[in-house]
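Asks: Here is a sequence with its predicted model. Questions after.
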Amino acid sequence: MSANPGEILRNIAKPADASPLAALLALPRPLVMGIVNVTDDSFSGDGLKGDATAAIAQARAQIAAGADLIDLGAESTRPGAAPVSWRQEIERLLPVIEALRREKTVISIDTRHAATMRAVAVSGAHLLNDISALEGEGSLEAAAKSGLPVVLMHMQGEPGSMQHSPQYDDVVREVRDYLARRIAACRAAGIARDKIVLDPGIGFGKTVAHNLSLLRRLDVLRALGYPLLVGVSRKSFIGALAREPEAARRVPGSLAAALWAAQQGAKILRVHDVAETVQALSVWRGITSESAQM
């Protein structure tokens, strides 16, 4: 496909229903967000190389396994990843969005491109998940105009270089202050308070020690007063702690980190391994809730 943004948007039908994210966030439990990478590659080894049919099937399987919503990404943001054009991103995403929207799936789009945000907002997405916290050219305006909820993530640097030598004086304070500034920018742009979710950006421009400090002090970020999304699934800090170089073999460590995040009040857990995470959360809730029934 080769088209300009206007041509793309004219060919997209507007969705009939509003975002259901608020209803999900009102549930008294952590939400499970399944990851579907329609990318050429992925650090976790599950990139689907633009195969819409495979992406739709994977999303359906994750919903069947208990995912509350699906996070679609068409640009790899692993350390060292090359950027993808918004045209290619949209081309990969739209067929998947169209299929999942018909099935009433709650759809998040992992993108940092304003043109992609505009296209997916009109095509039926429910949430914009931006690793650059809407700092890209035109992104803040596009997100505000879309009316969709947004995830603001902290990242030091860019995906291509973020892990070269990340430095902080106080990682928890600096991440908190950055997210507070981005909240202020969003509010000034007209994004409602109840449409903002925060993500500390585990693994994005951070060493193992930085990641662990943030996970230990999620309460500091929660004190900002917004829901937290935490993505720890299969990440390299788990590999370092567990001495497991293969991302796909980091499921047990991912579950341990996800349960820790849930215990600290994370509202959304972004995961590759949905069935395993749903089961682990069910057991955790049974243990921690005095009202749990057999």
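Replies: Thanks, I have it. Numbering: from 1, shown residues only.

Asks: three-state assignment of the most centrally placed residue in the chain?
Replies: By Cα atoms, centre = their mean, the chain has its centre lying nearest to Asn129, at 5.3 Å. Here Asn129 is strand, with the state taken from DSSP: H, G, I helix; E, B strand; the rest coil.

Asks: who's in contact with it?
Replies: Asp71, Ser108, Ile109, Asp110, Thr111, Val150, Val151, Met153, Asp199, Leu229 (Cβ atoms under 8 Å, 6 or more residues apart in numbering). In this view, the C-beta of every residue, glycine as well, is placed from N, C-alpha and C.

Asks: Got the phi and psi for the fourth one?
Replies: The one in question is Asp110. Recorded main-chain torsions at Asp110 are phi -90, psi 100, according to degrees, to the nearest 10.

Asks: can you count the residues close to it?
Replies: Asp110: 28 surrounding residues under other Cβ atoms under 10 Å.

Asks: I figured it hits Leu69, correct?
Replies: No. Counting by Cβ atoms under 8 Å, Asp110 does not reach Leu69; the two are 11.8 Å apart.

Asks: show me where the stretch 1-150 of the chain has strands.
Replies: Under the criterion DSSP state E, counting those that start in this stretch, the stretch 1-150 of the chain contains strands at 31-37, 69-73, 107-110, 127-130, 150-153.

Asks: just the CA coordinates of the longest one, formatted as CSV?
Replies: Output in CSV follows, covering the C-alpha atoms of strand 31-37 (Å, rounded to 0.1, in the frame of the first residue of the first chain):
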residue,chain,number,x,y,z
LEU,A,31,-6.0,-6.2,33.9
VAL,A,32,-4.1,-8.5,31.6
MET,A,33,-2.9,-6.9,28.3
GLY,A,34,-1.8,-9.4,25.7
ILE,A,35,1.0,-8.4,23.4
VAL,A,36,0.7,-9.0,19.6
ASN,A,37,3.7,-7.9,17.6
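
Asks: Flag the shaky bits of the stretch 51-200 of the chain, pLDDT-wise.
Replies: 78-81, 159-163 (pLDDT under 70).

Asks: CA atoms only: put the longest helix along the chain into CSV for me.
Replies: Secondary structure assigned by DSSP state H gives helix 171-189 as the longest helix of the chain. Output of helix 171-189 as CSV, limited to C-alpha atoms (Å, rounded to 0.1, in the frame of the first residue of the first chain):
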residue,chain,number,x,y,z
VAL,A,171,15.9,6.8,38.8
VAL,A,172,12.6,6.7,40.8
ARG,A,173,12.5,10.5,41.3
GLU,A,174,13.5,11.2,37.7
VAL,A,175,10.9,8.9,36.2
ARG,A,176,8.2,10.3,38.5
ASP,A,177,9.1,13.9,37.6
TYR,A,178,9.1,13.1,33.9
LEU,A,179,5.7,11.5,34.0
ALA,A,180,4.4,14.4,36.1
ARG,A,181,5.6,16.8,33.3
ARG,A,182,3.9,14.7,30.6
ILE,A,183,0.7,14.5,32.6
ALA,A,184,0.7,18.3,32.8
ALA,A,185,1.3,18.6,29.0
CYS,A,186,-1.6,16.2,28.3
ARG,A,187,-3.9,18.0,30.6
ALA,A,188,-3.0,21.4,29.0
ALA,A,189,-3.7,19.8,25.6
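
Asks: That helix: what's the following helix or strand?
Replies: strand 196-199 (DSSP states H and E).

Asks: ok and the helix or strand that that following strand is followed by relative to helix 171-189, angle-wise?
Replies: Using DSSP H and E, the next helix or strand after strand 196-199 towards the C-terminus is helix 208-216. For helix 208-216 against helix 171-189, the angle between stretch directions is 60 degrees (axes from the mean of the first three to the mean of the last three Cα atoms, to 10 degrees).

Asks: Are there helices or strands packed against helix 208-216, and which ones?
Replies: Contact analysis of helix 208-216 by 3 or more Cβ pairs under 8 Å, 6 or more residues apart in numbering; DSSP states H and E lists helix 171-189, helix 236-242, helix 251-263 as its packing neighbours.

Asks: Of the ones you listed, give the one that comes closest to Ala54.
Replies: helix 251-263 (20.6 Å; Cβ to Cβ).

Asks: quick revisit: enumerate the positions of the longest helix of the chain that are buried.
Replies: Val171, Val172, Val175, Arg176, Tyr178, Leu179, Arg182, Ile183, Ala185, Cys186 (16 or more other Cβ atoms under 10 Å).
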